[in-house]
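Novice: Coordinates for the following, if possible.
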Amino acid sequence: MSSARRRSLGFRIGVVTVVVALTSVLVAALVSFGLVRGVAQREARSQLAREAELVAGLAPRRVVAPRVRNLLASSGIRLVLIGPGGAERGVALPRSDTNRLLAGSAVSRVERLDGKSVLVEGRPLAGGGAIALVQKEQFAPRDQRDFLRRELLACLIGLLVGGTAGALVARRLARPLQHTAAGALRLAAGERSVRIQPEGPAEVADVADAVNTLAGELERSESRQRDFLLSVSHELRTPLTAISGFAEALSDGVATDVKPVGTVILGEARRLERLIGDLLDLARLQAADFPIEPAIVDLRGVLRESAQVWGARCSAVGVVFRLDEPPGPLVVRTDPTRLRQIIDGLAENALRVTPAGAPIVLAGWAAPGEALIEVRDGGPGLSEQDFADAFTGSVLYHRYRGIRQVGTGLGLAIVDRLATRLGGSAFAGPAPEGGARFGVRLPGPEQP
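Specialist: Reported below is the predicted structural model:
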């Protein structure tokens, strides 16, 4: 059924409330009618019993004055005189009532005479025989009309109260639901900043909270997707830049020794192939991190490979590049490809802010229980607060955008995550060259 043909929640609540109110009034009317009728019957029987006692006292020998007869008749009461032998004058009573009266017992009953319900009050007489008063059991017409008018008025009041209550309840429930529906439509249209103020009953407020939670999760999911795309472009840019630079050197005839240039291009192409493979694995497995393949690695080889690429890139823009490698083997168990990603991320971050003529230093050395690799630059440097926030994604990007050269804001965050995945940690601080110092600590070294 289309939404145009559906009845609104307010309409349904209003109808249900009116029906419940009307039903309640009708049930109350039926119950009250029975109660009122019972009270009226008891009152009528009590009154008839008093009159029977009075008539029995005034007519000990079954002689009733005409005036008394007239008063009884005017009240709708019929008089029955029963002789000692059982002869009756007036309405014929059931034989059982007659026998009881002749036996000297009073009779107080509701009987069916001529198809009608009547009240019977009989009393034996001191001089023999008995008298009985018979009155039809019913409300007086006036009482009936008054009762019906009151019940009709009660029904109308019930309908009015029910309709008003239904409208108020429907409005209280429908308004927050309408706000929630409008917010959900805005969310479906792509507005991820939608937040709905929870209001109304607890269940309705829970719906608003659920929509707010959904909006937050969608916003975070799309933010992760954007960060992932930015990180992918960040990771792919370095090998592509290296391949393009060395290929241009070959094309322009600048590089005369083809073999080492080809070796660098081949290495960067294989790194690029590995990154693309990782992206395919992520797409298949929906993993949150890149896989790690640890191996026994001499960090001097990784540092020298990195120095070849970044020495050429720094030279092309007039930046002085220097490699400080350890004096002897520095063997650790790590993933060399991920370590190159870390070094490339740190070096690209340094090159972006280092002016021509200033230095960039790639260094590695051993410390007790760990191996360290760092990149230092002679750029403008950072504050203590910047160093504290450096590895939080996009913080420095937003802080320095428009002030100095910035990247995507994810490079250092990727370095921190990869260092953690390799079992180490990232660090930052001021550099003796005047700029910033970023690096990673790795567990080790291993015995060669």
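Novice: what about the residue sitting nearest the centre point of the chain, which helix or strand?
Specialist: For the chain, the residue sitting closest to the mean C-alpha position, by CA atoms, centre = their mean, is Ala210 at 2.3 Å. If you go by DSSP states H and E, Ala210 is part of helix 202-252.
Novice: Could you check how far that helix is from the centre of its chain?
Specialist: Relative to its chain's centre, helix 202-252 lies at 27 Å (CA atoms, centre = their mean, to the nearest Å).
Novice: So the residue nearest to the centre of the chain versus Phe321, what's the distance?
Specialist: 55 Å (CB to CB, to the nearest Å). To be clear about C-beta, it is placed using only N, CA and C from the backbone, and glycine gets the same treatment.
Novice: Remind me which helix or strand Thr420 belongs to.
Specialist: Counting by DSSP H and E, the element that carries Thr420 is helix 411-421.
Novice: and that helix, what other elements does it pack with?
Specialist: With contacts taken as 3 or more CB pairs under 8 Å, 6 or more residues apart in numbering; DSSP states H and E, helix 411-421 sits against helix 202-252, helix 336-353, strand 425-430, strand 436-443.
Novice: would you list those in CSV and tack on distance to Arg150 and mean pLDDT?
Specialist: Below are the helices and strands packed on helix 411-421 laid out as CSV (distance: least, CB to CB, whole Å; pLDDT from 0 to 100):
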stretch, distance to Arg150, mean pLDDT
helix 202-252, 39, 79
helix 336-353, 88, 91
strand 425-430, 86, 95
strand 436-443, 90, 95
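Novice: Could you dump these into JSON lines with distance to Ala130 added?
Specialist: JSON lines is the format used below for these (distance: least, CB to CB, whole Å):
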{"stretch": "helix 202-252", "distance to Ala130": "72"}
{"stretch": "helix 336-353", "distance to Ala130": "119"}
{"stretch": "strand 425-430", "distance to Ala130": "116"}
{"stretch": "strand 436-443", "distance to Ala130": "120"}
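Novice: now the helices for the stretch 1-150 of the chain?
Specialist: Using DSSP state H, counting those that start in this stretch, the helices of the stretch 1-150 of the chain run over 9-58, 66-74, 95-102, 141-188.
Novice: Indicate which one of those helices is closest to Cys314.
Specialist: helix 141-188 (48.0 Å; CB to CB).
Novice: before we move on, back to that, and of the helices of the stretch 1-150 of the chain, who's closest to Ile243?
Specialist: helix 141-188 (43.3 Å).
Novice: Which neighbouring elements make contact with the closest one?
Specialist: Against helix 141-188 (3+ CB pairs under 8 Å, 6+ apart) you get helix 9-58, helix 202-252.
Novice: Figure out which of the ones you listed is closest to Val110.
Specialist: The nearest among the helices and strands packed on helix 141-188, by CB to CB, is helix 9-58 at 7.6 Å.
Novice: Next, the angle helix 66-74 makes with the closest one.
Specialist: Angle, helix 9-58 to helix 66-74, by axes from the mean of the first three to the mean of the last three CA atoms, to 10 degrees: 170 degrees.
Novice: which helices and strands sit right next to helix 9-58?
Specialist: helix 66-74, strand 77-82, strand 107-113, strand 116-124, strand 130-136, helix 141-188.
Novice: Now with 6 Å, please.
Specialist: Other helices and strands packing on helix 9-58, by 3 or more CB pairs under 6 Å, 6 or more residues apart in numbering; DSSP states H and E, are strand 116-124, strand 130-136, helix 141-188.
Novice: and the helix holding Thr420, which residues are buried?
Specialist: 411-419 (16 or more other CB atoms under 10 Å).
Novice: Show the average pLDDT along that helix.
Specialist: Mean per-residue pLDDT for helix 411-421: 85.
Novice: Please apply the same query to stretch 156-170.
Specialist: On average, stretch 156-170 scores 75.
Novice: what do you get for stretch 54-70?
Specialist: 74.
Novice: Endpoint to endpoint, it covers what distance?
Specialist: With CA to CA, to the nearest Å applied, stretch 54-70 spans 15 Å between its terminal residues.
Novice: now stretch 104-119
Specialist: 19 Å.
Novice: that older thread, now the helices and strands packed on helix 9-58 in JSON lines, with distance to Pro291 and mean neighbour count?
Specialist: As requested, the helices and strands packed on helix 9-58 are exported to JSON lines (distance: least, CB to CB, whole Å; neighbours: other CB atoms under 10 Å):
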{"stretch": "strand 116-124", "distance to Pro291": "95", "mean neighbour count": "19"}
{"stretch": "strand 130-136", "distance to Pro291": "100", "mean neighbour count": "22"}
{"stretch": "helix 141-188", "distance to Pro291": "35", "mean neighbour count": "15"}
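Novice: isn't Glu370 right next to Arg441, touching?
Specialist: Yes - between Glu370 and Arg441 there is a contact at 4.9 Å, judged by CB atoms under 6 Å.
Novice: These two: who's more crowded?
Specialist: Ranked by neighbour count (other CB atoms under 10 Å), Glu370 and Arg441 place Arg441 first, with 19 against 15.
Novice: That one contacts Ser425, doesn't it?
Specialist: Yes - the criterion here is CB under 6 Å, and Arg441 meets it with Ser425 at 5.3 Å.
Novice: now the nearest residue to Ser24 once chain neighbours are set aside: how far from Val25?
Specialist: Counting by CB to CB, 6 or more residues apart in numbering, the nearest residue to Ser24 once its immediate chain neighbours are dropped is Gly158, at 6.6 Å. According to CB to CB, Gly158 and Val25 sit 4 Å apart.
Novice: Got phi/psi on the closest residue to Arg421 other than its chain neighbours?
Specialist: Leaving aside its sequence neighbours, Arg421 sits nearest to Ile292 (CB to CB, 6+ apart; 5.5 Å). Main-chain dihedrals, Ile292, degrees, to the nearest 10: phi -120, psi 130.
Novice: My read is that the residue nearest to Ser24 contacts Ala21, right?
Specialist: Yes - between Gly158 and Ala21 there is a contact at 4.5 Å, judged by CB under 6 Å.
Novice: just checking, Gly411 touches Ala347?
Specialist: No - counting by CB under 6 Å, Gly411 stays clear of Ala347, with 10.0 Å between them.
Novice: how about the helices and strands packed on helix 141-188 in a markdown table, adding distance to Leu272?
Specialist: A markdown table is the format used below for the helices and strands packed on helix 141-188 (distance: least, CB to CB, whole Å):
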| stretch | distance to Leu272 |
| --- | --- |
| helix 9-58 | 58 |
| helix 202-252 | 4 |
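Novice: Can you tell me which of these is nearest to Arg404?
Specialist: Using CB to CB, the nearest of the helices and strands packed on helix 141-188 to Arg404 is helix 202-252, at 17.8 Å.
Novice: what angle sits between that closest one and helix 141-188?
Specialist: 10 degrees.
Novice: now for helix 202-252, which elements pack on it?
Specialist: Helix 202-252 sits against helix 141-188, helix 258-285, with contacts defined as 3+ CB pairs under 6 Å, 6+ apart.
Novice: what's the least confident stretch among these?
Specialist: helix 258-285 (a mean of 72).
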